[in-house]
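Asker: model this:
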Amino acid sequence: MAKALATTPLKTTPARSALMKRVGRKDTAPELAVRHYLHRAGLRYRLHVRTLPGTPDIVLPKHGTVVFVNGCFWHGHDCAHGIVKAKTNRAFWDQKIAANQARDQRKTAALKALGWKVQQVWECQYRQESVLARLCQRIRG
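Answerer: Numbering: from 1, shown residues only. Below is the predicted model of the structure:
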């Protein structure tokens, strides 16, 4: 099955593409904050386990849980940051975000099929103590 983005001729400009490539995928500020909180809470984890579907950001093998720390814009969250629409090349970005959401659903289903619990922290939530406390509770069961 061909990817949706591969079938469309929509492209970004080289300057925009270079800018977006500089956006980090690992060790982002939200991810670091979540990792530090989990560590302070006494939870130990592994990072970016490539043998698992979707290469989860944080893997807690003892608890059978993976955590994805997602950017609101990139994954289409329904918050103030996630509902922002691109001003240029809107069709491309709408399609890109929709493809990201579909991929998120596939990797979540694959991880659940393998017996993992899947948790998600959004970029807009990582500073909220209550969100991180609930995350720890869900991890510990």
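Asker: which residues does residue 111 contact?
Answerer: Applying CB atoms under 8 Å, 6 or more residues apart in numbering, we find residue 111 in contact with 52, 53, 54, 56, 66, 118. For every residue, glycine as well, the C-beta is placed using N, CA and C.
Asker: sec struct for the fourth one, please.
Answerer: What that stands for is residue 56. Judged by DSSP: H, G, I helix; E, B strand; the rest coil, the three-state class of residue 56 is coil.
Asker: is it true that it touches residue 50?
Answerer: No. The pair residue 56 and residue 50 fails to qualify as a contact (CB atoms under 8 Å) at a distance of 9.7 Å.
Asker: Mind checking which of these two has more residues around it?
Answerer: The neighbour count for residue 56 versus residue 50, taken as other CB atoms under 10 Å, is higher for residue 56 (25 against 7).
Asker: Leaving out chain neighbours, which residue sits closest to that one?
Answerer: Distance criterion CB to CB, 6 or more residues apart in numbering; nearest residue to residue 56, sequence neighbours excluded, is residue 66 at 3.7 Å.
Asker: try residue 65
Answerer: Nearest non-adjacent residue to residue 65, counting by CB to CB, 6+ apart: residue 117, 4.4 Å away.
Asker: ok, the one you found - how many residues close by?
Answerer: The tally of other residues near residue 117 (other CB under 10 Å) stands at 15.
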